[in-house]
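Enquirer: Structure of the sequence below:
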Amino acid sequence: MTTEIHTLVGAYVLDAVDDLERASFERHLRECDSCRAEADELRETTARLAHDTWSVPPPSMRENVMAAIAETRQLPPAGPAAPAPTVRGSSRRWRVIAAAAAVVAAVGTGSAVWVVQDQRVQDQRAIAEAARAEEARVRAILAAPDVVLNEQNVMNGGRVTVATSRLHNAGVVMLAASAAPAGRVYQLWTIRPGGAPVSASVLHEGQEADVLVLDGLPGATDVGLTIEPPAGSRTPTLPMVADVKLV
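Expert: Modelled structure (predicted):
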């Protein structure tokens with residue numbers, strides 16, 4: 001076996017290999033004790049990349065990394081019988097540098113991989129914060145002193161419940177229905193006096209429940225539910241399977 005397969009360990013741990021390289025390297029891992037030990041150490045190190053305290057690196061980061069790699073001699077593993085390498089504090093720093101350089105070479109970008117990981121953490125945090133804010137709005141509307149509840153059974157099973165609050169000038173639509181027919185989805189609509197139905201939400205195929213906060217809902221007269229093609233429709237397909245009267 002050539003030594004090139006050993007050099008994939010950093011890129012493999014950081015998921016910077018294609019499907020063929022991944023399958024080949026995973027077969028190699030079953031035979032190579034040194035690469036398994038190396039992969040375990042790199043996983044432990046790269047797990048720190050998403051820590052909350054990491055910040056954006058200075059512009060000189062890539063140049064410093066590449067310069068350090070150019071000056072560091074890279075040796076292949078001794079072989080299957082060789083003992084697993086010992087991890088020390090100083091060697092851990094060089095493993096981080098090697099892992100970052102492997103990703104730069106594999107994906108052809110000038111960004112260190114930990115910046116990507118940090119961005120993923122920020123994205124996930126933003127999603128979680130948005131979900132908490134949405135949940136807080138739902139609770140506030142449902143707990144409002146002027147909340148009004150209206151509900152309607154769905155023709156093919158289930159129920160649509162609508163809670164409105166003029167104090168919040170918003171409402172919560174809660175859908176719990178039976179499965180839509182194959183190849184079809186549920187679509188929610190709002191209807192206002194003198195206006196055409198406006199799409200409020202198109203559910204995904206197979207989705208049977210939803211909780212939706214709608215601003216200005218107390219001004220609507222109806223919340224309707226229809227069964228539509230997967231991408232939804234511009235106008236409701238009649239008859240509606242539920243029509244919740246709000247006034």
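Enquirer: my read: Val160 touches Leu149, true?
Expert: No: between Val160 and Leu149 there is no contact under CB atoms under 8 Å: 11.4 Å. For the C-beta atoms, the positions are set from N, CA and C on the backbone; glycine is no exception.
Enquirer: Of these two, give the one with the bigger neighbour count.
Expert: Higher neighbour count among Val160 and Leu149: Val160, with 24 against 11, using other CB atoms under 10 Å.
Enquirer: Remind me which helix or strand the nearest residue to Tyr12 once chain neighbours are set aside belongs to.
Expert: What sits nearest to Tyr12 in space, not counting adjacent residues and going by CB to CB, 6 or more residues apart in numbering, is Phe25, at 4.9 Å. Taking DSSP states H and E as the criterion, Phe25 maps to helix 19-29.
Enquirer: If you count contacts, what does that helix end up packed against?
Expert: helix 9-13, helix 33-46 (3 or more CB pairs under 8 Å, 6 or more residues apart in numbering; DSSP states H and E).
Enquirer: how about a cut-off of 7 Å?
Expert: For helix 19-29, the elements it packs on are helix 33-46, judged by 3 or more CB pairs under 7 Å, 6 or more residues apart in numbering; DSSP states H and E.
Enquirer: Skip ahead from the helix or strand of the chain with the lowest mean pLDDT and say which helix or strand is next.
Expert: Lowest mean confidence among the helices and strands of the chain (mean pLDDT, DSSP states H and E): helix 89-107, at a mean of 47. Beyond helix 89-107 in the direction of the C-terminus, DSSP H and E gives the next helix or strand as helix 113-142.
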